[in-house]
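Trainee: A predicted structure for the sequence below; I have some questions about it.
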Amino acid sequence: MEEKDENREQWRKKREYILAAAGNVVGIGNVWRFPYLCYKNGGGAFLLPYCIFALLCGVPLFLMEAVIGQCMQEGSATCWTKLCPLAQGTGFSMVMIQLYARLYSIVLAWALLYLIYCFRDPLPWATCSNPWNTDRCVELSSANRTAADSHKLTVNWTSDKSSVSEFWERGVLSMSRGIEEVGSVRWELLLCLLASWVACYFCIWRGVHSTGKVVYFTAVFPYVTLAILLVRGLTLPGALQGVIFYLYPDPSRLADLQVWLEACTQVLFSYGIASGATITLSSYNKVKYNCCRDSLWLCVLNSCTSFVAGFAVFSSLGFMAHEQGIPIDMVVESGPGLAFIAFPQALTMMPVPQLWTACFFIMLFLLGLDTVFAGLEALTSAVMDMFPGQMRRPWRREIFLVFFCSVCFLIQISLTTQGGVYLFQLFDCYGANGASLLFLGLVECVAVGWAFGADRMGDMVEDMTGQRPWLIFNLCWRYITPLICTVCFICSFVDYQPLTSSGGAVYPAWAYRLGWVIALSSVVPVPIWAVVKICLTEGTIGRRLTVLWHPVKHPVIPKNTEEQSLNETEMISASI
């Protein structure tokens, strides 16, 4: 029987794990990506491929990673040795993805800076009287709406810029003309980035003991603010128009391959597949914990949050379009454009705009904070599992975290420059792209469903929870999910489109080459590590592959305490 690592921390309460896992999977993408994809790809019709991929790809992979972490009691970097030594490079690929994902800390800095400006009256992005504004600036705040209507003011959307757009592009980012022009550092943004990293550090500096306390606020409060924004948005004039625009079904879009591909990649992004965070968080569970039940509810929570967030977003955008008398498709954007231009512009037109914008950016900051420190915990756990003798000594974890967070902060200073947003878009597109996640999802299914064995995985689940997983999960781990990942991985190259900046500018050739290097760096550890392991193993090629294909040893789940005490009592009685 395998001995349990007594030095590994564990969640003190079950709800701490649930809140931490919920904070990890429910992130900024639920607010600024899913609603836009739903509108763009057929409205209500997009929900069909999304639900199909969620059931056949997202849920099985999420459950698989939760079971792996809990049973192996190790992080994403080292757990694969026990499952399939040939696939150990999967853990290092997850580490690379998490390293690139640390760049999302800049989003926290943007949200924090906006939150600070929310306490001004008037809001700085509501007027054109600021130093960063140009002659093309057009005020669209509530104060100017009556005057605009009385003078029949029409905005030339091809040449004029809204005050919100100019605040984002010139006031916050001071964007240069391209990635080639780095420019100077934005000191306000730099201080907000420093504050974000300090917050991330203190969220996990003492391991799951500190994380378990923090998630009570960081995971719950975003739902409070989302509910407030949802109720407020649905009571605004024009909200119904926005909701219809969000969900109006267009079945013809289902014939487009891009719609299905974006639905699959959105599921993997949203569920945190192949990032290692789910494995790490579940590895702090007690071995005899029903992770299957909670994994299913977490997946439902994540998808429902994305769906409900769309109502909050599009009801507000519908209100903005109604107030300006323009088509709603002229105000809909995705990613940073939605979070920092379109939605703040809609909130500016409401009464008491400072209150609503503060709620929105608090929600955005906390959603991002949960995801960032969960990924940071995954990286820390990976290092501790690889070097347990050195890292599990007193204060070694804290010292490592200070060093790692400091290095990440110094590297990300480049993102606070005038050309930093272009660098962010480059890493966002290639660092943890859909193709990388699809490839790693395929490798996970092969390693677990075939090398380790889906039936053996079912035995592990039964040992931990007392019930075997449903037959559909066995079929997904072996056949359905790897087939979906393979097809979508191939299609992602067939339908590839080069990255363009937010203004439509094309990146230079060296930037695309750098992007492909970044993308490959999160994939190549799998084949490289497999080749290295084959070369270092003794015997013929067939013998080496056989040894590396099968698990090192079958994990045995220890019996519960009552059974162990009963057996010990019987043994003592027999000896007497």
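Mentor: Sure, I can see it. Only a predicted model underlies this, so the values are computations on that prediction, with no experimental measurement involved.

Trainee: CA atoms for contacts and neighbours, from now on please.
Mentor: Fine.

Trainee: close enough to count as contact, residue 465 and residue 286?
Mentor: No. Residue 465 sits out of contact with residue 286 when judged by CA atoms under 8 Å, with a separation of 11.0 Å.

Trainee: pLDDT below threshold where in the stretch 101-250 of the chain?
Mentor: Along the stretch 101-250 of the chain, segments meeting pLDDT under 70 span 140-160.

Trainee: for it, what spans make up the strands?
Mentor: Assigned by DSSP state E, counting those that start in this stretch, the stretch 101-250 of the chain shows strands spanning 137-138, 161-162.

Trainee: Could you list the residues in contact with stretch 545-553?
Mentor: Outside of stretch 545-553, the residues that reach it under the criterion CA atoms under 8 Å, 6 or more residues apart in numbering are 81-86, 451-452, 533-534.

Trainee: Burial check on the residue nearest to residue 533 when sequence neighbours are not counted, number of neighbours?
Mentor: Closest residue in space to residue 533, ignoring its immediate chain neighbours: residue 86 at 6.8 Å, by CA to CA, 6 or more residues apart in numbering. Other residues lying near residue 86 total 27 when counted by other CA atoms under 10 Å.

Trainee: How about the one 5 residues further on?
Mentor: Applying other CA under 10 Å, we find 25 residues neighbouring residue 91.

Trainee: Just to check, it is in contact with residue 81?
Mentor: No. No contact is recorded between residue 91 and residue 81 when judged using CA under 8 Å, the distance being 9.4 Å.

Trainee: part of a helix, is the residue nearest to residue 533?
Mentor: Yes. If the criterion is DSSP: H, G, I helix; E, B strand; the rest coil, then residue 86 is within a helix.

Trainee: how much space between it and residue 452?
Mentor: Residue 86 sits 11 Å away from residue 452 when distances are taken as CA to CA, to the nearest Å.

Trainee: What ranges in the stretch 401-550 of the chain fall below the confidence cut-off?
Mentor: Residues of the stretch 401-550 of the chain that meet the criterion pLDDT under 70 lie in 501-505.

Trainee: which residues does the residue nearest to residue 533 contact?
Mentor: Going by CA under 8 Å, 6+ apart, residue 86 touches 529-530, 533-534, 545, 548-549.

Trainee: possible to save those residues as JSON lines with distance to residue 494?
Mentor: What follows is the contacts of residue 86, written out as JSON lines (distance: CA to CA, whole Å):
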{"residue": "529", "distance to residue 494": "28"}
{"residue": "530", "distance to residue 494": "27"}
{"residue": "533", "distance to residue 494": "32"}
{"residue": "534", "distance to residue 494": "32"}
{"residue": "545", "distance to residue 494": "32"}
{"residue": "548", "distance to residue 494": "33"}
{"residue": "549", "distance to residue 494": "31"}
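
Trainee: for those residues, which one is nearest residue 510?
Mentor: If you rank those by distance to residue 510 using CA to CA, residue 529 comes first, at 28.0 Å.

Trainee: unless I'm mixing things up, the closest one is touching residue 93, no?
Mentor: No. Counting by CA under 8 Å, residue 529 stays clear of residue 93, with 10.2 Å between them.

Trainee: which of those two has more neighbours?
Mentor: More neighbours sit around residue 93 than around the other of residue 529 and residue 93, counting by other CA under 10 Å; the figures are 26 against 18.
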